[in-house]
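Enquirer: Mind folding the following:
(2 chains)
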Amino acid sequence: MAQMNLLHAINNALDLAMEKNERVLCFGEDVGHFGGVFRSTSGLQDKYGKGRCFNTPLTEQGIIGFANGLAAQGAVPVAEIQFADYIFPAFDQIVNETAKFRYRSGNEFNVGSLVIRTPYGGGIAGGLYHSQSPEAYFTGTPGLKVVVPRNPYQAKGLLTACINDDNPVVFFEPKRLYRASVGEVPEESYEIELGKAEVVSEGNDITLLGWGAQMEVIEQAAQMAKDEGISCEVIDLRTLLPWDVDTVAQSVTKTGRLIISHEAPITGGFSGEISATISDKCFLHLESPIGRVCGLDTPYPLIQEKEYVADKYKIFEAIKASVNF
Amino acid sequence: MNRPDSNAGNAIHQASFTAGDALNIPTLKVLDPQGTIIDGAQMPAIDEALARRIYDTMTYIRVLDERMVASQRQGRISFYMTCIGEEASVIGSAAALSEDDMIMAQYREHAALRYRGFSTDNFMNQMFSNAKDLGKGRQMPIHYGSNELNYMTISSPLATQIPQASGYAYGQKMQGVDALTICYFGEGAASEGDFHAGLNMAAVLRSPTIFYCRNNGYAISTGTDEQYAGDGIAPRGIGYGIETIRVDGNDLLAVLLATQTAREFALKHNKPVLIEAMSYRLGAHSTSDDPSGYRSKEEEELWAQIDGVLRFKTWMMNQGWWSEEEDSALFEKYRTEILSALKVAEKVGPPSLEEIVTDVYSDVPTHLSNQLTDLKAHIAKYPDAYPSGKNGESH
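Expert: Predicted structure coming up:
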């Protein structure tokens, strides 16, 4: 075990993957010699050469188009989009190409080796264009997997699993936690199974569900609730597509209550999908309506970030409202 | 890297612009419209066997196109797109490649696929979306693909294959294989962002890619005067630092020469090449289009007179490599072969209902197998409302 922050864990996962398989390539804007604006690819060009870790021109649609071609050829591309806010020029390549490559060809071709890494989320005073959480644009796209880690241990294990998985993955990295989240991480390579949620802490009164950086906020709210005598079961969904319905439904069947919290705006957010499914699976076990604590339906603000975000106080209030319903 | 003194030796002191049409890129021509080699023209590497294979493909595609447009009019298939007018451009370029080279086409390049050996049954099975279609009946007619023949499955969104070709070729280079990627697209698709992204990336990252622009004059109804200003697509290659050539797309020998030379250069230097082939889409955009709404018969007739198939055939006959008797026999052979394969393919049933959920992922995930189970139960209740119910598949 070693102490790593989330960036080190990602860098370490990429390093081990490149060491093990010479077909693994890392590229994107500023990814090469500089090691990425957040330094997640630091040192990889020195170690594996300019052919395998390199800068691309400033074109997100080009990066993902290029990555699709590489993956179809049999390489293992790990493409970085510098901020998730800038992934949209690549939306066509991801939604119409990456996601449909295998299906449309009848499995004559596929881009299953592709991983798209992109930092997402707020809390860094980034305003509209360095704070977004666009995961729900991708969860509506069959053929993709969507994965979000919450800490260094999860980041390394999940990213390694994504690189080894035979399906294309969009891997959202919680950039607020890049340096803030530090933990024990095994030095060797390991995988955390995709499509499986994790019960982070068990409880009986209410289930709290989230992913990525929001897990830290949810855990703080759970502690506030605990101080009031409310026992929360906290679940990290980890993989949003395809998501682990059984683990969530099992928990809600036990607790009878569910709060989902994410950073993205509430309307059209992935919490709506979860709510509908859990209402269907757990209708007769529910003691109160499923609550959602999310971003406002506005662009992500700058100076009013604190008011905008789904913070621990908002989640705590939602917990009390649900328990007292 | 830019330096403060970068342009020291090349400065001007008056506000004199370089004109937008300063580049006037010439067109490579080898065979004149009468089928005679132009004096002093460089010849491509071609012998009788290659010429026959090329002409065989030209004939096949003419027959296929004619037969399938008729089938669409009869309501037997839903949609079709012809290659007519661009056979020399597509086949001449495909014939310059190694079979290991990846072809990433737009959609009007089935002649390249045929050149590689795609069978009549394969064509028919795709167009009839039947159980034997390599693509499992999922895409509209003409969206062919074949892993075995290194022909990437067509996708409808335009230009998406361009940056993919840059990436595919980079993968070939990194793997050290003696093969490159050719990427076909129209002059309309060259307006998409993916064109610019793809060419720039290939140039900067040194991918051995042949970018092959079929400038056929039309993007559905939009003519080139409404598609771009300036001298076509070729100057854009120069702008990206890419070796570029323009070629008469109706001149099979010029296309072959340009593409053979491009292939050698791209592999030797690990660099991309841009070829702009000037031709004309003699047919409609697709069977859903009617060109009489936007262009004249007279215009079409002018281009028909310099048709690349006729030009190449004349040259072959002058070489003593082809005769009218062989010509008639070949047309007849393919008419018979295509019609009989068509009759077989249209009677083959659709893919099984299970295929609706396969290949979304490498394995069928739980939520999809659950959805299939629900769907089957529903179809069993209303079997007459669904084709698979009528086939008795869900019972």
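Enquirer: in the stretch 151-300 of chain A, which spans are strands?
Expert: Read by DSSP state E, counting those that start in this stretch, the stretch 151-300 of chain A holds these strands, from start to end of the chain: A:169-174, A:182-185, A:198-201, A:206-210, A:232-236, A:239-241, A:258-265, A:291-295.
Enquirer: Name the residues that touch the third one?
Expert: The set of residues that contact strand A:198-201 without belonging to it, under Cβ atoms under 8 Å, 6 or more residues apart in numbering or on different chains, is A:215, A:219, A:222, A:232-236, A:238, A:247, A:251. For glycine as for every other residue, the C-beta is placed from the backbone atoms N, C-alpha and C.
Enquirer: mind putting the residues you listed in a markdown table, pLDDT, distance to chain B and neighbour count included?
Expert: Formatted as a markdown table, those follow (pLDDT from 0 to 100; distance: Cβ to the nearest Cβ, whole Å; neighbours: other Cβ atoms under 10 Å in any protein chain shown):
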| residue | pLDDT | distance to chain B | neighbour count |
| --- | --- | --- | --- |
| A:M215 | 98 | 23 | 28 |
| A:E219 | 98 | 28 | 19 |
| A:A222 | 98 | 28 | 25 |
| A:C232 | 98 | 27 | 28 |
| A:E233 | 98 | 22 | 23 |
| A:V234 | 98 | 24 | 22 |
| A:I235 | 99 | 18 | 27 |
| A:D236 | 98 | 19 | 23 |
| A:R238 | 98 | 15 | 25 |
| A:T247 | 98 | 12 | 17 |
| A:S251 | 98 | 17 | 24 |
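Enquirer: Just put these in JSON lines and tack on distance to B:S279.
Expert: What follows is the contacts of strand A:198-201, written out as JSON lines (distance: Cβ to Cβ, whole Å):
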{"residue": "A:M215", "distance to B:S279": "58"}
{"residue": "A:E219", "distance to B:S279": "64"}
{"residue": "A:A222", "distance to B:S279": "67"}
{"residue": "A:C232", "distance to B:S279": "68"}
{"residue": "A:E233", "distance to B:S279": "66"}
{"residue": "A:V234", "distance to B:S279": "64"}
{"residue": "A:I235", "distance to B:S279": "60"}
{"residue": "A:D236", "distance to B:S279": "57"}
{"residue": "A:R238", "distance to B:S279": "53"}
{"residue": "A:T247", "distance to B:S279": "59"}
{"residue": "A:S251", "distance to B:S279": "63"}
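Enquirer: about what we covered before: right, so of the strands of the stretch 151-300 of chain A, which gets closest to B:L353?
Expert: With Cβ to Cβ, the closest approach to B:L353 among these belongs to strand A:239-241: 23.6 Å.
Enquirer: what lines up beside the closest one in the sheet?
Expert: Partners of strand A:239-241 in the sheet, by DSSP bridges, are strand A:145-147 (antiparallel).
Enquirer: For the strand it pairs with, the averaged confidence score.
Expert: pLDDT averaged over strand A:145-147 equals 98, rounded to a whole number.
Enquirer: Equivalent analysis for stretch B:341-355, please.
Expert: pLDDT averaged over stretch B:341-355 equals 97, rounded to a whole number.
Enquirer: and for that stretch, what are the contacting residues?
Expert: Stretch B:341-355 is contacted by residues B:67, B:71, B:76, B:120-121, B:123-125, B:127-133, B:136-137, B:372, B:375-376, B:379, B:387-388, B:391, B:393-394 when judged by Cβ under 8 Å, 6+ apart.
Enquirer: ok, and of the residues you listed, which contact chain A?
Expert: Within the set of the contacts of stretch B:341-355, contact with chain A (Cβ under 8 Å from any Cβ of the partner chain) is found for B:133, B:136.
Enquirer: Please state the backbone phi and psi of A:D166?
Expert: When quoted as degrees, to the nearest 10, the phi and psi of A:D166 stand at phi -90, psi 30.
Enquirer: any idea of the pLDDT on it?
Expert: Confidence per residue is given as pLDDT, and for A:D166 that number is 98.
Enquirer: Repeat that for B:S394.
Expert: 46.
Enquirer: domain assignment for the chain?
Expert: In the absence of a named chain, this looks at chain A. Each structural domain of chain A that the record assigns through automatic domain parsing is listed here as a residue range: A:2-185, A:198-323.
Enquirer: please go with chain B instead
Expert: Taking automatic domain parsing as the criterion, chain B consists of the domains B:23-220+B:227-345, B:353-390.
Enquirer: Could you identify which of those is most buried?
Expert: domain B:23-220+B:227-345 (a mean of 20; mean count of other Cβ atoms under 10 Å in any protein chain shown).
Enquirer: Show me what the helix or strand harbouring B:R62 is packed up against.
Expert: B:R62 is part of helix B:48-73, with elements assigned from DSSP states H and E. With contacts taken as 3 or more Cβ pairs under 8 Å, 6 or more residues apart in numbering or on different chains; DSSP states H and E, helix B:48-73 sits against helix B:87-94, helix B:110-116, helix B:120-127, helix B:308-319, helix B:324-345.
Enquirer: Tell me which of these sits nearest to B:G171.
Expert: Nearest to B:G171 among the helices and strands packed on helix B:48-73 is helix B:110-116; the distance by Cβ to Cβ comes to 20.1 Å.
Enquirer: Can you tell me what sits against the closest one?
Expert: For helix B:110-116, with Cβ under 8 Å, 6+ apart as the criterion, the contacting residues are B:53-54, B:57-58, B:60-61, B:64, B:83, B:86-87, B:90-91, B:93-95, B:99, B:103, B:105, B:118, B:123, B:142, B:144, B:146, B:149-151, B:184.
Enquirer: same question for it, mean pLDDT?
Expert: 98.
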